[in-house]
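Undergrad: pasting a predicted model and its sequence here:
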Amino acid sequence: MTAVLLSLLLAVATPQEVPANLSDVVVRGKRLTQLVSVSVAGDVPVEVLVRSDPVGVRCGVTRFRYDRFAAPRLCWIKRPEGEEIRLEVEGMERLGVGWVAEWEGCEPQAASMQCTLLVPPAGASVSVRIRRV
């Protein structure tokens, strides 16, 4: 195992970066430990979805539905603390004019169709209610 790891390090490292000992190797990363859950409410068709950037959330009023030839509807995402997540309602154009998205748990953006939040240490719960004004 040590020989395989050392050979991988040597393959990626330039000659100046080769560690003298395996104990000199430092692995850095972010754990995706904070849960952000999303709930969608309103009298809207199943085609209206909330999607996230980074990719992960694809949630509608019908939760956890599996669409043929599409990704499952997941209403949560795990991300590291402090990362920015953007949520956006898609498919509202099918409803016509006079509809708004009311967000709780994140900061609304772009005429209410989007919101953003920084993932807090304890995770977050975001809800959006889509309604006619």
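TA: Received it, and whenever you're ready, just let me know what you need.
Undergrad: hang on, isn't residue 100 packed against residue 131?
TA: Yes: A contact is recorded between residue 100 and residue 131 when judged using C-beta atoms under 8 Å, the distance being 6.4 Å. (C-beta placed from N, C-alpha, C; glycine too.)
Undergrad: the two: which is more packed in?
TA: With neighbours defined as other C-beta atoms under 10 Å, residue 100 and residue 131 compare such that residue 100 has more, 18 against 13.
Undergrad: so which bits of stretch 125-133 are buried?
TA: 126, 128, 130 (16 or more other C-beta atoms under 10 Å).
Undergrad: right, and the second one touches residue 44 too?
TA: Translated: residue 128. No: Residue 128 lies out of contact with residue 44 (C-beta under 8 Å); the separation is 10.4 Å.
Undergrad: just for this structure, where's the confidence low?
TA: Judged by pLDDT under 70, the chain has its weakly predicted residues at 1-19, 29-32, 63-69.
Undergrad: swap the cut-off to 80 and go again
TA: Applying pLDDT under 80 to the chain picks out residues 1-32, 62-72, 110-111.
Undergrad: show me where this protein has helices.
TA: Secondary structure of the chain (DSSP state H): helices at 2-12.
Undergrad: tell me the residue furthest from the middle of it?
TA: Here the chain reaches farthest from its C-alpha mean at residue 20, the gap being 39.0 Å by C-alpha atoms, centre = their mean.
Undergrad: okay, and the common contacts of residue 100 and residue 131?
TA: Overlap of the contact sets of residue 100 and residue 131 (by C-beta atoms under 8 Å, 6 or more residues apart in numbering) is empty.
Undergrad: if we ignore the residues flanking it in sequence, what's nearest residue 60?
TA: If the residues on either side of it in the chain are set aside, residue 60 comes closest to residue 49, at 4.7 Å by C-beta to C-beta, 6 or more residues apart in numbering.
Undergrad: count of neighbours near the one you found?
TA: If you count neighbours by other C-beta under 10 Å, residue 49 ends up with 21.
Undergrad: now do residue 114
TA: The tally of other residues near residue 114 (other C-beta under 10 Å) stands at 18.
Undergrad: what sits opposite it in the beta ladder?
TA: residue 88, residue 109 (DSSP bridges).
Undergrad: that one touches residue 88, doesn't it?
TA: Yes: if you go by C-beta under 8 Å, residue 114 and residue 88 touch, sitting 4.5 Å apart.
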